[in-house]
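Asks: using only what follows, build the 3D model:
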Amino acid sequence: MKHISLGHSLDKFYSGEKFLLEADTSDYPTEYVKTTFKGTQMDLNTIEYIIRLSSVSTILYTGDLYESKFLEYPTSLKDGPATFTFEVKYRNGVIKTTDVPVTIIINGNVYDAYEYHRSF
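Replies: This next block holds a predicted model:
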């Protein structure tokens with residue numbers, strides 16, 4: 001809702017924001033469903049995370065990606081493109097993949113956008 005109120009499209013995310021992941025598959029037994037996140041940190045290091053998704057039903061899988069280091073420079077995500085590659089392996093050996101591009105936006109980080117303040 002916050003992104004919509006700010007006029008962002010659904011593919012825009014702040015560094016440090018939790019990614020809520022969801023995948024639909026066909027109704028055929030699977031061995032696994034996972035996604036691989038690829039992005040770039042502010043220090044220009046390329047990062048990759050593999051997240052195994054959990055079964056909610058025979059066709060719906062969910063998970064999330066949250067890294068607190070995405071909140072602080074130099075390990076925060078650099079503005080620009082990043083990608084989630086979703087992969088399902090069916091029990092018959094067939095593997096299907098699809099890429100979902102996202103854009104990291106630089107308007108501060110998730111604390112700024114949601115007006116959160118930390119105290120120590």
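Asks: so Phe70 sits in a helix?
Replies: Yes - counting by DSSP: H, G, I helix; E, B strand; the rest coil, Phe70 falls inside a helix.
Asks: need the residues that contact stretch 26-37.
Replies: 19, 21, 23, 25, 47-53, 55, 58-59, 61, 63, 65, 82-92 (C-beta atoms under 8 Å, 6 or more residues apart in numbering). (Glycine included, C-beta is placed from N, CA and C.)
Asks: quick one: which of those sit in helices?
Replies: Cross-referencing the contacts of stretch 26-37 against helices under DSSP state H gives no overlap.
Asks: now which of those would you call buried?
Replies: Applying 16 or more other C-beta atoms under 10 Å to the contacts of stretch 26-37, the neighbour count classes 19, 21, 23, 25, 47, 51, 53, 61, 63, 65, 82, 84, 86-88, 90 as buried.
Asks: take those and keep only those in strands.
Replies: 19, 21, 23, 47, 51, 61, 63, 65, 82, 84, 86-88, 90 (DSSP state E).
Asks: can you tell me which two in these are farthest apart?
Replies: Ile47 and Tyr90 (28.7 Å; C-beta to C-beta).
Asks: and the ones in strands among the buried ones among the contacts of stretch 26-37, which is closest to Phe13?
Replies: For these, the nearest to Phe13 is Phe19 (6.8 Å; C-beta to C-beta).
Asks: is it true that the closest one touches Tyr66?
Replies: Yes - assessed by C-beta atoms under 8 Å, Phe19 is found in contact with Tyr66 at 7.3 Å.
Asks: what residue lies at the spatial centre of this structure?
Replies: Central residue check for the chain by C-alpha atoms, centre = their mean: the C-alpha nearest the mean position is that of Phe19, 4.1 Å away.
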